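# Quick check, what structure comes out for this input:
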Amino acid sequence: MTELNRWPVKSLRGERVEAARFDDRGMAGDRAYALLDERDKRSGKVLTVRQNAVMLSWSASYGDTADPTEPPTLRGPDGADWSWTDPKLSDALAGSLNIPLSLRAADGQQDRGPTVLVTFEASRAGLSDELGADVDLRRFRTNIHVTADLPAFAEETWEPGTALAVGDVVLAVTGDHAGPCIRCAVPSWDPDGRERWRELQTHLIDRHDNKFGVIMRVTEPGEVHLGDAVRQKP
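Numbers count the residues shown, from 1 in each chain. Just a heads-up that it's a prediction; the model follows:
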């Protein structure tokens, strides 16, 4: 396994970690916090990059802990750090994003439900070759990135029952919101939200049925460490 990535606050930049707990929550601490849009007609809805790409100028981190129990720390585009519990944080975010908003913390909250996004280096490299430009993995907000002896884009056809063992953890395609990942417009934004690469999304739609990576569920829980062996289960 090449990378472990966690995204504490939905649609903000996340963190690379050395180890993580995987269980019925998916990846512990992943997308456990969110910003809520408080504009008229959208009040209470989760705010994402699709509404405001400036979110990508903020990042969130728990630090190097496998199963976080404390709220994350956010870092603004000016480099200032903010505790999630700081009463001034919502005003700082609202000013930066130029949108009225509030904060929400929900134990185990996930935008895809309690699932894990897995991507493969062969597919990332294959996509880069097709586009003639390097595709930054961070665009896809993956949890587990794997270098394995699989052909590029093999995961696009994975059906329910396909499973991976990652260390002691087993992940499976189950069919209930778990399978090849249909992408939204978010990957077309560069990881810092500065420029949009529309050709990337168009290419995924035209050549790959808008798929990249695979959404899986944890069927055997445990802790995953960077460098753990990954194998496809029969």
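# Please enumerate the helices of this protein.
In the chain, the segments counted as helices under DSSP state H are 89-97, 121-131, 198-208.
# quick one: low-confidence ranges for the protein?
1, 106-112 (pLDDT under 70).
# what's the spatially most central residue of the chain sitting at in phi/psi?
Residue closest to the average C-alpha location in the chain (C-alpha atoms, centre = their mean): Arg141, at 3.2 Å. Backbone torsions of Arg141, given as degrees, to the nearest 10, read phi 50, psi 50.
# What is the burial count for the residue lying closest to it once chain neighbours are set aside?
Excluding its sequence neighbours, the residue lying closest to Arg141 (C-beta to C-beta, 6 or more residues apart in numbering) is Trp7, at 5.8 Å. Quick note: C-beta positions are derived from backbone N, CA and C, even for glycine. Applying other C-beta atoms under 10 Å, we find 25 other residues in the vicinity of Trp7.
# what does Glu199 give?
As a burial measure, Glu199 scores 11 neighbours (other C-beta under 10 Å).
# wouldn't it be in contact with Leu131 here?
Yes. Between Glu199 and Leu131 there is a contact under C-beta atoms under 8 Å: 7.1 Å.
# tell me the angle the longest strand along the chain makes with helix 121-131.
In the chain, with assignment by DSSP state E, the single longest strand is strand 211-220. Strand 211-220 runs at 170 degrees relative to helix 121-131, counting by axes from the mean of the first three to the mean of the last three C-alpha atoms, to 10 degrees.
# quick one: buried residues of strand 211-220?
For strand 211-220, the neighbour count (16 or more other C-beta atoms under 10 Å) marks 211-218 as buried.
# That one packs against which elements?
Strand 211-220 sits against strand 116-120, helix 121-131, strand 169-172, strand 180-182, with contacts defined as 3 or more C-beta pairs under 8 Å, 6 or more residues apart in numbering; DSSP states H and E.
# As JSON lines, the helices of the chain with distance to Ala229 would be great.
As requested, these are exported to JSON lines (distance: least, C-beta to C-beta, whole Å):
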{"stretch": "helix 89-97", "distance to Ala229": "40"}
{"stretch": "helix 121-131", "distance to Ala229": "15"}
{"stretch": "helix 198-208", "distance to Ala229": "28"}
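# where's the longest strand of the chain relative to the chain centroid, distance-wise?
Relative to its chain's centre, strand 211-220 lies at 12 Å (C-alpha atoms, centre = their mean, to the nearest Å).
# So in that sheet, which strands flank it, and in what orientation?
Partners of strand 211-220 in the sheet, by DSSP bridges, are strand 116-120 (antiparallel), strand 169-172 (antiparallel), strand 180-182 (antiparallel).
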